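Q: Kindly return the folded structure for what I paste below:
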Amino acid sequence: MMEELGKVKINEWRGPVFAVFPEGTDNATAIFPRDRQPFQSGTYDERIEAVNTLSLTLATYTAQPSLVALSASVQAYYLTLSGARPAAKQRGHRGHAAHQFESGPFAYVPGHV
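A: Numbering: from 1, shown residues only. A predicted model of the protein is given here:
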């Protein structure tokens, strides 16, 4: 799913946004401040959160019905990603399986709680 997010979904979402706000405009940059990067790299949780943030941001453009509709679609994908978290992470297991999907300053390190 992460490959689909980084290669397919992000491009599906960019099109409707840029149809309303051309790429490089203030509004387009507010919606995609770091372009594709948050959807193509980072931890599993960071990428899921990028999808949620995009959904919430799009929902604020109430004068643009197409972006509000896109927000609902992005939110549905966020819920799909959240439900597809690796099983060890869903159970709250803090063993090696969960460690594979975490990195950064708050990552789990075995033996350190």
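
Q: CA atoms for contacts and neighbours, from now on please.
A: Noted.

Q: Going by secondary structure, Pro33 is in what exactly?
A: Element membership of Pro33 [criterion: DSSP states H and E] is none; it lies in no helix or strand.

Q: For the chain, name the helix or strand with the lowest mean pLDDT.
A: helix 96-99 (a mean of 38; mean pLDDT, DSSP states H and E).

Q: Can you show me the helices along this protein?
A: 2-4, 10-20, 26-31, 37-40, 44-59, 65-83, 87-90, 96-99 (DSSP state H).

Q: Quick check: buried residues in the longest one?
A: Buried residues in helix 65-83, counting neighbours by 16 or more other C-alpha atoms under 10 Å, are found at 66-68, 70-71, 74-75, 77-78, 81-82.

Q: helices or strands next to it in the packing?
A: Helix 65-83 sits against helix 10-20, helix 44-59, with contacts defined as 3 or more C-alpha pairs under 8 Å, 6 or more residues apart in numbering; DSSP states H and E.

Q: Need the pLDDT of the residue nearest to the spatial centre of the chain.
A: Centroid-nearest residue in the chain: Val51, 2.3 Å away (criterion: C-alpha atoms, centre = their mean). We note a pLDDT of 97 for Val51 in this prediction.
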